[in-house]
Every structure is written in structure tokens, then in C-alpha cells.
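Student: sequence first, then the predicted structure:
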There are 2 protein chains.
Amino acid sequence: MIADQDIAVLKSAILRFVPLTAEEWDLLLPALAYHHLSKGEKWINEGQKEQRMGIVLSGNMRHYYTRDGAEKTTYFYFENHFVGSYISALTNKPSQLTIEALTDCRLLTFPYAHLQMLYEKAPRWERFGRLLAEYLAIGLEERMAGLLTMSPEERYPELLHGNKQKILERIPQHYIANYLGITPVSLSRIRKRLLEK
Amino acid sequence: MIADQDIAVLKSAILRFVPLTAEEWDLLLPALAYHHLSKGEKWINEGQKEQRMGIVLSGNMRHYYTRDGAEKTTYFYFENHFVGSYISALTNKPSQLTIEALTDCRLLTFPYAHLQMLYEKAPRWERFGRLLAEYLAIGLEERMAGLLTMSPEERYPELLHGNKQKILERIPQHYIANYLGITPVSLSRIRKRLLEK
DNA sequence: CCATTTTCTTATCTTATGTAAACGTTTTCC
DNA sequence: GGAAAACGTTTACATAAGATAAGAAAATGG
């Protein structure tokens, strides 16, 4: 029903954090579900308690906060990334985030509650949970340090020359501007300035 | 050697995350050390691999990044808060952060490596590690959402009316301005504007 | 207790950014 | 294939923030 190769993608992503025996891995299998999202479709809506997390098999997504009608993009998801309103799942509060497909997307997901159940059943899964949370915290910390210590003009080239440049090229610039916390107009000015150098 | 009541403060902070048997708790005891810091003293220096974490028994501290000679404060620590360059410990890289005492401080600390050892020895401690990382991630996420979706003028009153206002009143405003990501001059203008309302 | 340092405010000047609008180009999708 | 929408850039203008300097008030420390 779910393609073996899709399951293999998820498995290898999890094994990057922690080794699992076949028995431990099998505990997750019954919870898996496959999703397809069309471009522009929202997977998780603000205010909603979507309690699933998963992995992006193909396509890319973004998540954003909405405030006073304005969207603030804070993350892009690409293939092989874990995706979900993890904080909403942790706090069991409605998501502040909206997660949207920027292109057609294929996802493999499972309920966060199932993962929590695995924490009780198997220490190895609890370790996975710890390492996942630590990984998330490291990413958030780096992101915040960048936001606070660098200007948009400095952050933009860093974003472009990171390990995602090929994918970012396919993302419309107004999303990137939004991610940088500036307007498309301002990003256009920055690009012009950078070209002149 | 270490006062019982100081140990009790740490114990209760940890028990807020996870219940521990007496035996499990005792595993941490031999690693504990007491520190005193004078006002202005730095506990962790940027570039250094200080691998301890701990709890603030009394006093308050801040941590900041340094870039181009400018400091960017990203956190204040108060009594009963865990303190440390947690990300540096997790990644085992030199700290990007400097942690400084804003007043005379009393700390109770232990090596992060000891905690990691406890992860191996006792599943309950591993659970503590997971919950601590999740707690950290939640805090970082909220902080970042605030940074991105609110202006300094909105963030300042929220900071003041949070659960820390009494302590924040004792912290010089240029640190708070720095935390908000603005100059002291700008904060002064914001304060004036808010008073006029 | 007085000199020094720190803290906070105010004023001026400059610069960067957002808003709004216009325009050409590209992409999307009936 | 062609109309409509989305996208990226540019301009003009208003606004907000940073830099800098100066001064008053408060805290600190010898």
C-alpha cells in the first residue's frame, strides 16, 4: 500500500539519529500514512490541532506565522526533511503555524501521539525523541543567532550559498524576502547592490 | 560542602521535568559543583568549550553573541533557571555565546558529559534530557516567533508585563534594548511614546 | 563624601526600509 | 494558444531607525 522505497526514505532519516532493531522499527509501521498535497495546498492550518508529523518524500513546503493578515515565513522544507508543527504537538496547543505546499508534495506521516507512545515502549525511541528535539533546538538557535546578528543583506548570500541553493532558486523571491524578514522590493534592491559588487 | 538547600533547588527544578527515584537522583550528586560569580564576571567565554551546565541559585545573568565587536543579548537568566551553553555542549563545538553575570551570582553546576553518561545509565535521565531539549526548543520557537511577528515597540511591553517584570526592572535598559534588537536610544524613544498614550 | 562612571534622555542628521504604483516579463491554466 | 495571474524590478515618497553627540540624573566606588 505504501511504497517500500518511501518507507525506506523515512527509515534512513530516522536511522541517522539512532540505530534501531527491526522490532523497534516495526513499532512505527502501523502508524504510517501517505499524503499527497497539490501546490498551494495547506497541510496544517493555523489554529488547528493537526497532530501528525512526517517526512517530505518529494516537493517543498514552507511554514509561516500569520499576524495582522501578514505572513511571516520561518522555514522551508525540502526532500527528506521532517515536517510538522512540532511545537504544537509538544505543547498540545493549536498550531500557530500554517504549513503549505510550495509545489506538489508527497509526504509520509504518523501521529505525534504514536511517537509518544513509542517513548514509553522503547528507550531507543525515547532517545530518538531526545536527539530530534536537540536537533530542532540547534537549528532554532542558529536561525535566531543569524536573525539577531546579521542584516538581511548579509543573510541573503549566506542563504544562497548554503547547502540548498539549487532548491532555493526554484522558490519565488517574495517567499525568500519574507523569510529574510523584508519586502520583495527591499530584496530586489539588495540583489541589485550585490550585483554591482 | 554544598548546602542542602542549594541542592534542593536543583532537585526541584529537575523534578519539574521528570520524577526520579532516590537512586537515580544520587547519580548526579557526585558531579555537582558550586560557583560564585561577581557582577560583570563571565562564566562562559565565546570560543571556549566550557562544558558545564547548571542552575542559577541567586542573581541574574545574560548571554550574548559577539559580532563585529557588537554584543547581541539573546537571553536573561534568573533564579531557578537552567543556564549554560547548551548548544555548544550538544554540538561539542566552541561556544558562540558569552554568559555573563549581571549581578553577583551563585550557581550549582555539573558537566554536560556527566548528564550524557546518565542518559546511558538510566532511561529516566534520558527522558529528562528529552524534555529539557523540548522545553528549550519551545522557548526558542516562541522567541523567534516574537522576533519575526512583532515590532520592538510591541515586544517591549510584552516583556515588561511578563512574569519577570520585577527582575527586568533591575536590569539596565541598554541590555533590554540589546535583547530587543534595537539601540538604547531607540528604546528610549519607544518608552516615551508609550508613556504618552 | 565627592569624583567618576554608568545610565537614560533628547536633538540633529543621515540612511535604509516600507508603501504604493507602474511596468514588463514569465508562468499558469482554461 | 491566449487570457489572466503571478512575478520581479524600479521609482517616488513618507517614515522609522541608526549614528553621533551632549547633557542631566543616578549609581558606584575609593
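Tutor: In hand now; what should we look at?
Student: so what's the residue count around A:Ile14?
Tutor: Here the count is done by other C-beta atoms under 10 Å in any protein chain shown, and A:Ile14 has 20 residues near it. C-betas here are computed from N, CA, C, even on glycine.
Student: now do the one 3 residues further on
Tutor: A:Phe17 has 16 neighbouring residues, counting by other C-beta under 10 Å.
Student: ok, it to B:Gln51 distance?
Tutor: 22 Å (C-beta to C-beta, to the nearest Å).
Student: same question for A:Tyr175.
Tutor: Note on A:Tyr175: its distance to B:Gln51, by C-beta to C-beta, is 39 Å.
Student: ok, A:Glu71 next?
Tutor: Taking C-beta to C-beta, one finds A:Glu71 at 40 Å from B:Gln51.
Student: could you do A:Glu169 as well?
Tutor: Per C-beta to C-beta, A:Glu169 is found 40 Å from B:Gln51.
Student: what is the subsequent helix or strand relative to the lengthiest helix in chain A?
Tutor: The residue-count maximum for a helix in chain A (DSSP state H) belongs to helix A:123-149. The helix or strand immediately downstream of helix A:123-149 is helix A:152-160, counting by DSSP states H and E.
Student: report the buried residues of that next one.
Tutor: Neighbour-count burial for helix A:152-160, counted by 16 or more other C-beta atoms under 10 Å in any protein chain shown, picks out A:152-153, A:155-156, A:159.
Student: get me the contact residues on chain A for chain B.
Tutor: A:65, A:67, A:72, A:74, A:86-87, A:90-91, A:96, A:119, A:123, A:126-127, A:129-130, A:133-134, A:136-138, A:140-145, A:147-150, A:181 (C-beta under 8 Å from any C-beta of the partner chain).
Student: hang on, isn't A:Gln51 packed against A:Leu115?
Tutor: No - between A:Gln51 and A:Leu115 there is no contact under C-beta atoms under 8 Å: 10.0 Å.
Student: of these two, who's got more company?
Tutor: Taking neighbours as other C-beta under 10 Å, A:Gln51 and A:Leu115 compare with A:Leu115 leading, 20 against 17.
Student: mind listing what the more buried one touches?
Tutor: A:28, A:53, A:125, A:129 (C-beta atoms under 8 Å, 6 or more residues apart in numbering or on different chains).
Student: helix, strand, or coil at it?
Tutor: helix (DSSP: H, G, I helix; E, B strand; the rest coil).
Student: A:Thr91 against B:Ala137, yeah?
Tutor: No - using C-beta under 8 Å, A:Thr91 and B:Ala137 do not qualify as a contacting pair, with a distance of 10.4 Å.
Student: more neighbours, the two?
Tutor: Between A:Thr91 and B:Ala137, counting by other C-beta under 10 Å, B:Ala137 is the more crowded of the two (23 against 15).
Student: pLDDT score for that one?
Tutor: At B:Ala137, the pLDDT value in this model is 95.
Student: how much space separates the nearest residue to A:Ile87 once chain neighbours are set aside from B:Met117?
Tutor: Nearest residue to A:Ile87 in three dimensions, chain neighbours excluded: B:Glu141, at 4.8 Å (C-beta to C-beta, 6 or more residues apart in numbering or on different chains). For B:Glu141, the distance to B:Met117 equals 29 Å [C-beta to C-beta].
Student: looking at these two, which is more packed in?
Tutor: Between B:Glu141 and B:Met117, counting by other C-beta under 10 Å, B:Glu141 is the more crowded of the two (24 against 14).
Student: and the more buried one, what pLDDT?
Tutor: B:Glu141 is given a pLDDT of 90.
Student: do I have it right that it meets A:Gly139?
Tutor: No - B:Glu141 lies out of contact with A:Gly139 (C-beta under 8 Å); the separation is 10.3 Å.
Student: okay, and the common contacts of the two?
Tutor: Counting by C-beta under 8 Å, 6+ apart, nothing touches both B:Glu141 and A:Gly139.
Student: buried set for stretch A:156-175?
Tutor: Result for stretch A:156-175 [16+ other C-beta under 10 Å]: buried residues A:156, A:159, A:168, A:171, A:175.
Student: picking that back up, taking the contacts of A:Leu115 together, which two end up most distant?
Tutor: Using C-beta to C-beta, the contacts of A:Leu115 span at most 13.7 Å, a distance reached by A:Met53 and A:Trp125.
Student: hey, where'd the strands end up in chain A?
Tutor: Assigned by DSSP state E, chain A shows strands spanning A:33-37, A:42-44, A:52-58, A:61-67, A:70-77, A:82-83, A:97-101, A:105-111.
Student: need those strands in TSV with distance to B:Glu196 and mean pLDDT, can you?
Tutor: Below are the strands of chain A laid out as TSV (distance: least, C-beta to C-beta, whole Å; pLDDT from 0 to 100):
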stretch	distance to B:Glu196	mean pLDDT
strand A:33-37	49	93
strand A:42-44	41	91
strand A:52-58	47	94
strand A:61-67	25	90
strand A:70-77	26	89
strand A:82-83	45	94
strand A:97-101	35	92
strand A:105-111	49	95
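Student: any idea which of those strands is most buried?
Tutor: strand A:97-101 (a mean of 23; mean count of other C-beta atoms under 10 Å in any protein chain shown).
Student: can you tell me which residues in chain A are near DNA strand C?
Tutor: Residues of chain A lying near DNA strand C by C-beta under 7 Å from any atom of the strand: A:39-40, A:151-153, A:181-183, A:185-186, A:189-190.
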